[in-house]
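Colleague: here you go, sequence then predicted model.
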Amino acid sequence: MPMSTCPSVANVVARADGGLIRIRRPGGRIDATGLDGLADAAERWGNGVVEITNRANLQLRGIRPADAGAVASALEAAGLSSGPDGDRRRNVLVDPLGDLDPTAVDLGPMLRPILEGLDADRRLDALDDKFGVALDGGGSWSLAGRRAAVVVVAGPAPGTALVTCSWLPSEVVAIADLPAVVAAAAVASLGQPRRSVVVPGAARPASGPLGVGAGWVGAMPPLGRTDAATLAALAGLARRYCAGPARLTPWRGVVYPGVEDRHRLRDELADLGLVVDRSDPASAVIACAGSTGCTSGLGDAVADATQVIGARRAAGSPALGIHVSGCAKGCAQSAPADVTLIAAGGGRYDVYRRGQRDSPGVLAAEAIALASAP
Ligand code: SF4
C-alpha cells in the first residue's frame, strides 16, 4: 500500500510546525485515562498544541520524526490506538448526544458492533485511510451537512436506518443489521474512487452542545485548540464528574455525560478558559492551522480568528458563524459560514458572506473588522 498522506498514530505527516498525528476516536469517545495519555504525549513530544477536529478526532502537532515510534507506543498503551490496520477502521462519527436528546434516535449502541464488523474482515486491511462512516440519529445535534464515505441515517420507520454510499444503491435496513451492512459497504469501497456523500437534513447549528443540558455538560476550547495542561485538567474533571467516557464533538468540543453537579462542572470548565455558552462569539468561530501550521497557508488564520473572537467579545456582539481559512481549500469547514475570510496572500483576505464574495483582497485588519461587526 502506498504511503498515506492522511495523518494517524502510525503515520506522522510533516506540516509547517513539525509532525502531525491524528488520533481517531470512534464516536468521539475518550475516557480519563485516554485524556491523561494524550496530555502526557503532548507535553513530552508535541509543540503544546492539541486540536479537536471537525470529525471529533484529536491531533498532536509539532512531533519530531525521531519521536514517532515512542509517541505511537505511548498512545497505544493509553488505549488511543489499535495499530495501523485497526486505526484505519476507526473513522466512525456519531451524533454526540443521541442517548440524551429525546428528539434523536440513539445509534450510539451500534458503534461497537460496527467497529467489530469492520475488524472481522481482513480484506479491510486495505481500506482507504479516508474511509469513514457517519451515524446520524437526528435531533438537536444532528450531523446533517457533514460528509462521509458511508452515511447512516435513522428512519424512516422505527428500528430502521437508511444507508447511503456512492458505490452501492441506497437501502433501508434494520438497525440491528447495520454492522453487516456497513462492513459490506466498506468491502465494496475497495478499489473504488474515493467519494463521500452528505448527511441529509437541515443545516447544522454553527456551535455544538455547550453549557448545561439534560444530564450533560458541554464545552469547547476556542478554535478547538487546547494544550497538555488543559487536557490533564479535563481528565481530572472526567474522573470527578462523569459517568462513562467523555465525548468529543464534531463542533470541536467535549461533552461530559451522566453528570449530577452540572453547574459546578460548567463553572470549572469555564475557569479553564473553555467556552460554555452558545452566546459567546467564540462558540461559532473556526479556523484552520493557517500559515503557522500548514505550508499551503497564505495567512495566519489562527491569530486572525483569535483577533475576531476578541473583538466580538469586547463589542458584546452575538455569536455568528465565522470561518477564517488559510487558503481557498477551506479544510476547517466545507459548508459556507455566515462570514468567511479566505487568506489571499500578501496580508490580505477575500471576505465572503453566506458563500458570496463580498469584499475581495482587503487587508487583514479590515477583514477582521468586517468579521467583528455585529
Ligand atoms: S485551508 Fe489551506 S491553509 Fe488551511 S489547513 Fe487547509 S490547506 Fe492548509
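Modeller: Happy to help now that I have it.
Colleague: helices of the stretch 101-250 of the chain, start to end?
Modeller: 111-119, 178-189, 228-241 (DSSP state H, counting those that start in this stretch).
Colleague: what's in contact with the first one?
Modeller: Spelled out, that is helix 111-119. Under the contact criterion Cβ atoms under 8 Å, 6 or more residues apart in numbering, helix 111-119 has outside partners 26-27, 29, 86, 89-90, 92, 94, 124, 127, 133, 135, 178-180, 182-183, 186. All C-beta atoms are positioned from the backbone trio N, CA, C, and that covers glycine.
Colleague: mind doing that once more with 6 Å?
Modeller: Helix 111-119 is contacted by residues 26-27, 89, 94, 124, 179, 182-183, 186 when judged by Cβ atoms under 6 Å, 6 or more residues apart in numbering.
Colleague: same thing with stretch 212-221?
Modeller: Here stretch 212-221 makes contact (Cβ under 6 Å, 6+ apart) with 100, 209-210, 252-253, 255-257, 259, 262, 265-266, 269, 274-276.
Colleague: before we move on, the earlier item: which of the contacts of helix 111-119 tops the neighbour count?
Modeller: The most crowded member of the contacts of helix 111-119, judged by other Cβ atoms under 10 Å, is V94 (27 neighbours).
Colleague: residue contacts, that one?
Modeller: 27, 108, 111, 135.
Colleague: reformat these as JSON lines; add distance to the ligand and pLDDT.
Modeller: Compiled in JSON lines, the contacts of V94 are given as follows (distance: Cβ to the nearest ligand atom, whole Å; pLDDT from 0 to 100):
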{"residue": "G27", "distance to the ligand": "25", "pLDDT": "93"}
{"residue": "G108", "distance to the ligand": "30", "pLDDT": "96"}
{"residue": "L111", "distance to the ligand": "28", "pLDDT": "96"}
{"residue": "L135", "distance to the ligand": "26", "pLDDT": "98"}
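Colleague: most neighbours, which of the residues you listed?
Modeller: Highest count within the contacts of V94 by other Cβ under 10 Å belongs to L135, 29 neighbours.
Colleague: secondary structure class of D40, three-state.
Modeller: Here D40 is helix, with the state taken from DSSP: H, G, I helix; E, B strand; the rest coil.
Colleague: ok, and the closest non-adjacent residue to it?
Modeller: The shortest distance from D40 to any non-neighbouring residue, by Cβ to Cβ, 6 or more residues apart in numbering, is to A74 (6.9 Å).
Colleague: which of the helices or strands spans the one you found?
Modeller: Assigned by DSSP states H and E, A74 belongs to helix 68-77.
Colleague: other residues contacting that helix?
Modeller: Helix 68-77 is contacted from outside by 9, 12, 41, 45, 63, 81, using Cβ under 6 Å, 6+ apart.
Colleague: CA atoms of whatever helix or strand comes next after that helix as PDB?
Modeller: Once helix 68-77 ends, the next helix or strand along the chain (criterion: DSSP H and E) is helix 83-88. Taking C-alpha atoms only, helix 83-88 is exported to PDB below (Å, rounded to 0.1, in the frame of the first residue of the first chain):
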ATOM      1  CA  GLY A  83      -2.200   0.000  15.400                       C
ATOM      2  CA  PRO A  84      -2.100   1.000  11.700                       C
ATOM      3  CA  ASP A  85      -4.700  -1.500  10.400                       C
ATOM      4  CA  GLY A  86      -7.100  -1.100  13.400                       C
ATOM      5  CA  ASP A  87      -6.900   2.700  13.300                       C
ATOM      6  CA  ARG A  88      -7.900   2.700   9.600                       C
END
